[in-house]
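[1] Got a predicted model here, sequence first, then my questions.
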Amino acid sequence: MDRIRAETPGCAEVVHLNNAGAALPPAVVRDTVLAHLELESRIGGYEAADAAAPQFAASYRVLAELIGAEPDEIAFVENATRAWDMACYAIPFRPGERILTTTSEYASNALGFLQAARRHGAVVEVVPDDGHGQLCLESLERMLAAGNVKLVAINHVPTHDGLVNPAAEVGRLTRRAGALYLLDACQSVGQLVVDVREIGCDLMSATGRKFLRGPRGTGFLYARREVARELEPPLVDLRAADWTGPNSYELRPDARRFETWERFAAGQLGLAAAASYALELGLEAIEARVVSLAERLRALLADLPGVTVHDRGRLKSGIVTFTHESVEAARIVERLAAAPRRINARVSEQTYRYDAGVTPPPRVRLSPHYYNTEEELELAVSAIAAAVG
């Protein structure tokens, strides 16, 4: 922990409990990005990319290792939203085909489903929760058995209530039914062990800036080799395809058909540095540490008068959310930021939720990472007690 915190410059500045928003990058990520930007400034952007060609090639290998994929199944994109869009909008929906999703779907994804319904006549259906608040596998199995399901698209870890959906069990059901499976792993990659072979997803989107501790403006898409060849991206450029004649083009055979030629080059190298850092520490160790800290934080919060912790799920992630009976979430977050030692938290709000049918009240979201200490959690809870007292 001493080494990790020394390698995280932000630990000396703040108590950072907003890792579900954007984590503090380790120094190696900062240094990698700055070094490439400095090289660009000295010799030019194209020339710097040529000089770093081996590192760019290696970036696909390390991202593949991170999630148990192959390098040709990885596409580098500017963020998880764009990765998800490139996958979902590539699916050729037909009228009446069904999209199955979760009650706690991320708003951007839900909007994509609605566009598919308007444009193609697809039908969006919500799989209910089980008694733990996660996706109900028995309901999913029945809904798949009814037929005509084109896509099952779920979030692995919702952004606003801490649960971990049973992604691998969903994968087994979708494979048996022959439906495509798109996993939003924006909040899980970097805090949990994520293995796409074990999970069985066909497509998966992830970001750099959250628990992976990479730069903002970076993300990646996993596209299973056999599935990638069958999907045509909604947008193509000379990176994704070859112009073969006045009226023809040929898409790349691999996941890079979902990329664009122009990219944040320094960010791609920084993302790979973040993935390498996580692999060096060990994904199992990271998950154990994050889950343990979050459980400790929930226990401390539950002891505060007037506080309600809202996290659900048989398994819970490093995202912890709560409300106070009389003090608004935004006010608590403001008071934490103004504490003698700044504490970074975030208001979690969503304009609509399938399971609520209405706009739920905003919550305070705290999301510890492995570089946080137990003492920092206690300091944060003491500051919360003072903020609501």
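    Thanks, I have it.
[2] The stretch 151-300 of the chain: helices as residue ranges?
    Assigned by DSSP state H, counting those that start in this stretch, the stretch 151-300 of the chain shows helices spanning 167-177, 196-199, 225-228, 265-281, 283-302.
[3] Kindly export the longest one (C-alpha atoms) in PDB.
    In this case it means helix 283-302. Extracted in PDB, the C-alpha atoms of helix 283-302 (Å, rounded to 0.1, in the frame of the first residue of the first chain):
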ATOM      1  CA  LEU A 283      -6.900  -8.600 -10.700                       C
ATOM      2  CA  GLU A 284      -8.000 -11.000  -8.000                       C
ATOM      3  CA  ALA A 285      -6.100  -9.000  -5.300                       C
ATOM      4  CA  ILE A 286      -7.700  -5.700  -6.600                       C
ATOM      5  CA  GLU A 287     -11.200  -7.200  -6.500                       C
ATOM      6  CA  ALA A 288     -10.700  -8.500  -3.000                       C
ATOM      7  CA  ARG A 289      -9.400  -5.200  -1.700                       C
ATOM      8  CA  VAL A 290     -12.100  -3.000  -3.400                       C
ATOM      9  CA  VAL A 291     -15.000  -5.300  -2.200                       C
ATOM     10  CA  SER A 292     -13.600  -5.300   1.300                       C
ATOM     11  CA  LEU A 293     -13.300  -1.500   1.500                       C
ATOM     12  CA  ALA A 294     -16.800  -1.000   0.100                       C
ATOM     13  CA  GLU A 295     -18.300  -3.500   2.700                       C
ATOM     14  CA  ARG A 296     -16.500  -1.600   5.500                       C
ATOM     15  CA  LEU A 297     -17.800   1.700   4.200                       C
ATOM     16  CA  ARG A 298     -21.400   0.400   4.100                       C
ATOM     17  CA  ALA A 299     -21.100  -0.800   7.600                       C
ATOM     18  CA  LEU A 300     -19.800   2.600   8.800                       C
ATOM     19  CA  LEU A 301     -22.500   4.500   7.000                       C
ATOM     20  CA  ALA A 302     -25.300   2.200   8.300                       C
END
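[4] what about it, distance to the chain center?
    How far helix 283-302 lies from its chain's middle: 18 Å, per CA atoms, centre = their mean, to the nearest Å.
[5] Same question for the first one.
    Mean C-alpha position of helix 167-177 versus that of the full chain (CA atoms, centre = their mean) differs by 20 Å.
[6] residues making contact with that helix?
    Under the contact criterion CB atoms under 8 Å, 6 or more residues apart in numbering, helix 167-177 has outside partners 135, 137, 140-141, 144-145, 149, 152, 154, 156, 180-181, 183, 198-201. Every C-beta, even on glycine, is put in place using the N, C-alpha and C of the backbone.
[7] Need the winner for burial among the helices of the stretch 151-300 of the chain.
    Across the helices of the stretch 151-300 of the chain, averaging neighbours per residue (mean count of other CB atoms under 10 Å) puts helix 265-281 on top, at a mean of 23.
[8] before we move on, back to that, write a PyMOL command that selects only the buried members of the contacts of helix 167-177.
    The buried residues among those can be selected in PyMOL (16 or more other CB atoms under 10 Å) with this line:
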select buried, resi 135+137+140+141+144+149+152+154+156+180+181+183+199+200+201
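[9] Could you list which of the contacts of helix 167-177 belong to strands?
    V149, V152, I154, L180, Y181, L183 (DSSP state E).
[10] who's the third one bridged to?
    Beta bridges link I154 to L183 when assigned by DSSP bridges.
[11] who's in contact with it?
    Residues near I154 by CB under 8 Å, 6+ apart: T101, T102, E105, L135, N165, A167, V170, L182, L183, D184.
[12] cool, and T101?
    Here T101 is in contact with N109, A110, F113, V124, E125, V126, V127, V152, A153, I154, Y354 (CB under 8 Å, 6+ apart).
[13] about what we covered before: kindly present the helices of the stretch 151-300 of the chain as TSV, with separate columns for mean pLDDT.
    Below are the helices of the stretch 151-300 of the chain laid out as TSV (pLDDT from 0 to 100):
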stretch	mean pLDDT
helix 167-177	98
helix 196-199	98
helix 225-228	96
helix 265-281	98
helix 283-302	98
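[14] Looking at those helices, spot the one closest to I343.
    I343 lies closest, by CB to CB, to one member of these: helix 283-302, at 12.1 Å.
[15] Quickly name whichever of the ones in strands among the contacts of helix 167-177 is closest to I384.
    I154 (31.5 Å).
[16] any idea how far that closest one is from M86?
    18 Å (CB to CB, to the nearest Å).
[17] hang on, the earlier thing: could the contacts of T101 go into a markdown table alongside secondary structure, pLDDT and distance to A49?
    Shown next, in a markdown table, are the contacts of T101 (DSSP: H, G, I helix; E, B strand; the rest coil; pLDDT from 0 to 100; distance: CB to CB, whole Å):
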| residue | secondary structure | pLDDT | distance to A49 |
| --- | --- | --- | --- |
| N109 | helix | 94 | 32 |
| A110 | helix | 93 | 37 |
| F113 | helix | 94 | 37 |
| V124 | strand | 97 | 41 |
| E125 | strand | 97 | 45 |
| V126 | strand | 96 | 44 |
| V127 | strand | 97 | 44 |
| V152 | strand | 98 | 38 |
| A153 | strand | 98 | 34 |
| I154 | strand | 97 | 36 |
| Y354 | coil | 75 | 43 |
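[18] I'd like to know which of those are buried.
    Neighbour counting with 16+ other CB under 10 Å marks N109, A110, F113, V124, V126, V127, V152, A153, I154, Y354 as buried within the contacts of T101.
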